[in-house]
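J.: Here is a sequence with its predicted model. Questions after.
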Amino acid sequence: YAVFPHMTVGDNIGFGLRMHRRPKPEIERRVKEGAALLQLERFLDRYPAQLSGGQRQRVAVARAIVMDAPVLLMDEPLSNLDALLRLQARADLKRLHREVRRTTVYVTHDQVEAMSMGDRIAVMREGVIEQCEPPMRLYDHPASQFVGGFIGSPPMNFLGGAVDGNAFVGDGFRLPLDGSRLEAGRHLLLGIRAEQIAFADQGLPAKVMVVEPLGSNALVTVLVGKTPVKVEAPVDTAVRPDQDVHLAFDLAHVRWMDATSGNAVDA
C-alpha cells in the first residue's frame, strides 16, 4: 500500500499538502475532511501497522483526495485486497466518486470492477483502445471478439461458421437466418451471452458437460460440436452431464464478428 509506515494516518493524509507548503490550518482542515470522507477519523493518530489492509488502502485514497486535483488517477487500487474487502472497497470508491464529483481515471484488469464502478470503460489491447463506451453498451454491443470475451462473467460465447444461403453453418449445427443481410460464404463468429440462451425442444444440438449450481441460477457448460458454450439457466433446470439437449436464442441478441479480424459486423 502507498502509505509511509513511520507516519501516523493523519501525517500520511497530509503529506502531499505539506510538500506543497500549504498553511498549517488548511492542512489540518483538509486532513479532517479527507478522514471523514473515508471514515478514518478515529484512526488519525494510529500507524499503518495498526490498521487492516482495507483501512490502509483508504488512507492512500484519502491522501490523494485532499490534494483537490481536478483529475484523480487510480492504478489498480484494490489489487492487494482479499475478495471480501474488494467488495466493500468497490462500494466505498463508487460512493466517494459520487461525493467528490471529480473526474477519475481508474486502471484495472478486473472487468467486474470496471463494470460496477465506471461511467465509461475504455477496453485496451496491446496499447490500443478497442472500445470506449458506457458499461452496458460494451456488454450488449461489443465492438470486437476481444471486448466480448473480456467484458462479462462468464464471457460471451462464440461459435464459428460460415453463411450458406439463408443459414449459418458451423461445426455440428445449421442455424436459419431469415432476412439476414450477411454476405454468402463469409466466415463469421456468432456471439451470444449465457443468459440469452435457453434449453428448448428444438434448436442447436448440444451435449451437457458440466452443471454448476450457483444458488440463484446454474451455469451449464455444453458442447456445440467441439465448442464449449456457457448457458445460464434456472437452478432447478433438469439437465445432467452427458445429456443431449437443444439450445434456442433470439437472433436479435446475436453479435456477429468477422472470423479473421474479430471486429463486429452488421447483420
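T.: Structure received.
J.: Report the buried residues of stretch 126-133.
T.: Neighbour-count burial for stretch 126-133, counted by 16 or more other Cβ atoms under 10 Å, picks out 130-131, 133. (C-beta placed from N, C-alpha, C; glycine too.)
J.: so how far is that stretch from its chain's centroid?
T.: 14 Å (Cα atoms, centre = their mean, to the nearest Å).
J.: follow-up on the earlier one: mind giving me a markdown table with the buried residues of stretch 126-133 and columns for secondary structure, pLDDT and distance to residue 207?
T.: Formatted as a markdown table, the entries for the buried residues of stretch 126-133 read as follows, by DSSP: H, G, I helix; E, B strand; the rest coil; pLDDT from 0 to 100; distance: Cβ to Cβ, whole Å:
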| residue | secondary structure | pLDDT | distance to residue 207 |
| --- | --- | --- | --- |
| 130 | strand | 96 | 33 |
| 131 | strand | 97 | 34 |
| 133 | strand | 96 | 36 |
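J.: List just the nearest of these to residue 91.
T.: Nearest to residue 91 among these is residue 133, at 23.2 Å by Cβ to Cβ.
J.: just the helices in the stretch 51-200 of the chain please.
T.: 53-65, 83-100, 111-117, 135-140, 145-150 (DSSP state H, counting those that start in this stretch).
J.: need the contact list for residue 172.
T.: 205, 224-226 (Cβ atoms under 8 Å, 6 or more residues apart in numbering).
J.: Please convert the buried members of those into ChimeraX selection syntax.
T.: To isolate the buried members of the contacts of residue 172 in ChimeraX, using 16+ other Cβ under 10 Å:
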select :205,224,225
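J.: re earlier: so which of the buried residues of stretch 126-133 comes closest to residue 84?
T.: Taking those together and measuring to residue 84 by Cβ to Cβ, the closest member is residue 133, at 30.2 Å.
J.: Cross-check the contact I'm expecting between that closest one and residue 118.
T.: No. At 10.0 Å, residue 133 does not count as touching residue 118 under the criterion of Cβ atoms under 8 Å.
J.: mean pLDDT lowest for which of the helices of the stretch 51-200 of the chain?
T.: Sorting the helices of the stretch 51-200 of the chain by mean pLDDT places helix 83-100 lowest, at a mean of 84.
J.: how about that helix: buried residues?
T.: 85-86, 89-90, 92-93, 96-97.
J.: got it, and stretch 256-267?
T.: Buried residues in stretch 256-267 (16+ other Cβ under 10 Å): 256-257, 259, 262, 264-265, 267.
J.: gap between the two ends of stretch 255-267?
T.: One end of stretch 255-267 to the other measures 8 Å (Cα to Cα, to the nearest Å).
J.: Now do that stretch, average pLDDT.
T.: In this model, stretch 255-267 has a mean pLDDT of 93.
J.: Would you mind giving the domain segments of this protein?
T.: 9-119, 153-265 (automatic domain parsing).
J.: export those domains to TSV and tack on distance to residue 125?
T.: Compiled in TSV, these are given as follows (distance: least, Cβ to Cβ, whole Å):
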stretch	distance to residue 125
domain 9-119	12
domain 153-265	10
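J.: What is the strand ranked longest in the chain packed up against?
T.: In the chain, taking DSSP state E as the definition, the longest strand is strand 204-213. If you count contacts as 3 or more Cβ pairs under 8 Å, 6 or more residues apart in numbering; DSSP states H and E, strand 204-213 packs onto strand 173-176, strand 217-224, strand 244-248.
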